[in-house]
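Q: Need a 3D model of the sequence below.
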Amino acid sequence: MADENIIWPVKTREIQNWAMDSTYWNDFEIRDDDIIVSTWQKAGTTWVQQILAQFIFDGETDGMPIADISPWLDLRLPPLEEKLPDIIAQKHRRFLKTHLPVDALVYSQKAKYIYIARDGRDCMWSLFNHHHAFNDVLYDAVKALPDFGPVIERPRTNDVRQYYLDWFNDNGFQFWPFWENIRTWWEIRALPNVYFLHFQNLVDDMEGQMRKLAAFLDFSIDEAKWDKMVHHCSFDYMKANATLSTPLGGVIFDGGAKSFVNKGTNDRWRGTLTAEDIAAYEARAIDELGAACAHWLETGEFLDGQ
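A: Presented below is the predicted three-dimensional model:
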């Protein structure tokens with residue numbers, strides 16, 4: 001398909017909430033070789049950023065603050081005027097993070113986009129830990145921002161199933177809508193500058209996925225440094241060096257950055273959610289996303305023809 005026949009995404013709305021401001025993208029100059037990493041959240045964003053850093057810096061990332069080098073552009077902390085000069089000054093190939101749905105993002109035909117997803121139940125088990133670890137630094141900083149509506153509050157339950165049910169029944173309760181994020185990215189999965197990746201794919205075959213990502217992004221791998229690159233992307237390494245890959249260095253979490261890099265596993269909801277909970281989630285996923293996308297979101301497997 002010739003590029004002139006492609007229907008490219010167009011921004012149609014703004015999203016401004018306690019965490020994100022989509023207007024930060026409006027006047028941002030995207031370079032042709034930029035890489036944009038997108039997820040809803042808790043789906044492997046930091047993991048993929050760590051992988052990309054290995055390609056960009058040839059595995060020489062010991063002591064490198066990946067979270068600063070690869071910022072979450074639409075995050076309101078710090079505000080755009082504080083982080084933009086450093087982003088503009090970057091000479092290396094840039095890799096930026098977003099949690100926006102496609103229709104709230106200024107989309108480039110030249111940049112490359114990596115979309116990572118994870119079963120919503122797994123996301124919520126990770127988010128339960130993430131939310132409970134937030135401390136006063138985060139809550140006070142958010143309250144000091146210009147008012148864009150309800151601000152995040154401390155979790156109202158210590159029961160993980162009830163936390164999940166609050167989210168399921170209230171369309172992303174305390175954070176932002178889940179299903180629409182998945183849906184908007186799924187709709188553009190066939191674009192030539194989009195790569196779809198599932199958290200389970202990384203769990204099952206991280207090295208294979210790293211090589212596929214390198215090929216998509218046109219990176220040549222120095223095989224002499226491959227083992228170092230893989231080691232830097234292991235859970236144990238990232239946990240031990242969590243401050244380097246955690247937003248704001250982990251100061252917004254009780255327990256610091258190691259609270260941010262938590263388990264890295266799936267299926268922790270099994271044995272806690274009831275059969276009725278599971279059936280309701282699976283039916284909702286199909287209703288919201290369609291059978292093919294729901295299957296991919298749960299398993300990381302594309303159905304034939306997808």
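
Q: Restrict stretch 93-112 to CA atoms and write it as PDB.
A: Provided in PDB are the C-alpha atoms of stretch 93-112 (Å, rounded to 0.1, in the frame of the first residue of the first chain):
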ATOM      1  CA  ARG A  93      17.500   9.000  18.900                       C
ATOM      2  CA  ARG A  94      14.700  10.000  21.300                       C
ATOM      3  CA  PHE A  95      12.300   7.600  22.800                       C
ATOM      4  CA  LEU A  96       9.300   9.100  24.600                       C
ATOM      5  CA  LYS A  97       6.400   7.700  26.600                       C
ATOM      6  CA  THR A  98       2.700   8.400  26.600                       C
ATOM      7  CA  HIS A  99      -0.400   6.900  28.100                       C
ATOM      8  CA  LEU A 100      -2.800   8.700  25.700                       C
ATOM      9  CA  PRO A 101      -5.300   7.000  23.400                       C
ATOM     10  CA  VAL A 102      -4.500   7.600  19.700                       C
ATOM     11  CA  ASP A 103      -7.200  10.200  19.100                       C
ATOM     12  CA  ALA A 104      -5.700  12.500  21.800                       C
ATOM     13  CA  LEU A 105      -2.200  12.200  20.400                       C
ATOM     14  CA  VAL A 106      -0.600  14.300  17.700                       C
ATOM     15  CA  TYR A 107       0.500  11.500  15.300                       C
ATOM     16  CA  SER A 108       3.500  11.500  13.100                       C
ATOM     17  CA  GLN A 109       3.700   9.500   9.800                       C
ATOM     18  CA  LYS A 110       7.500   9.300  10.200                       C
ATOM     19  CA  ALA A 111       8.000   8.400  13.900                       C
ATOM     20  CA  LYS A 112       7.700   4.800  15.100                       C
END
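
Q: Rounded mean pLDDT for it, please.
A: Stretch 93-112 comes out with an average pLDDT of 98.

Q: How about stretch 184-195?
A: Stretch 184-195 shows an average pLDDT of 98 in the prediction.

Q: Look at it and report the distance between its end residues.
A: For stretch 184-195, the first-to-last residue distance is 14 Å (CA to CA, to the nearest Å).

Q: in it, what's buried?
A: For stretch 184-195, a neighbour-count test (16 or more other CB atoms under 10 Å) marks T184, W185, W186, I188, L191, N193, V194, Y195 as buried. Where you see a C-beta, it was placed from the backbone N, CA and C, and this is true even at glycine.

Q: Toward the C-terminus, what is the element adjacent to the helix or strand where the last one lies?
A: It refers to Y195. Element membership for Y195, per DSSP states H and E: strand 194-198. Remark: after strand 194-198, the chain's next helix or strand is helix 199-216, criterion DSSP H and E.

Q: Let's see that next one as PDB, backbone CA atoms only.
A: Taking Å, rounded to 0.1, in the frame of the first residue of the first chain, the C-alpha atoms of helix 199-216 are listed here in PDB:
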ATOM      1  CA  PHE A 199       3.500  -8.100  28.100                       C
ATOM      2  CA  GLN A 200       3.200 -11.900  27.900                       C
ATOM      3  CA  ASN A 201       5.300 -11.900  24.700                       C
ATOM      4  CA  LEU A 202       8.100 -10.300  26.800                       C
ATOM      5  CA  VAL A 203       7.600 -12.800  29.600                       C
ATOM      6  CA  ASP A 204       7.700 -15.800  27.200                       C
ATOM      7  CA  ASP A 205      10.600 -14.700  24.900                       C
ATOM      8  CA  MET A 206      12.200 -11.400  25.800                       C
ATOM      9  CA  GLU A 207      15.300 -12.000  23.700                       C
ATOM     10  CA  GLY A 208      13.200 -12.800  20.600                       C
ATOM     11  CA  GLN A 209      11.000  -9.800  21.100                       C
ATOM     12  CA  MET A 210      14.100  -7.600  21.600                       C
ATOM     13  CA  ARG A 211      15.400  -8.700  18.200                       C
ATOM     14  CA  LYS A 212      12.000  -8.100  16.500                       C
ATOM     15  CA  LEU A 213      11.900  -4.600  18.000                       C
ATOM     16  CA  ALA A 214      15.400  -3.900  16.800                       C
ATOM     17  CA  ALA A 215      14.500  -4.900  13.300                       C
ATOM     18  CA  PHE A 216      11.300  -2.800  13.300                       C
END
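
Q: Noted, bye for now.
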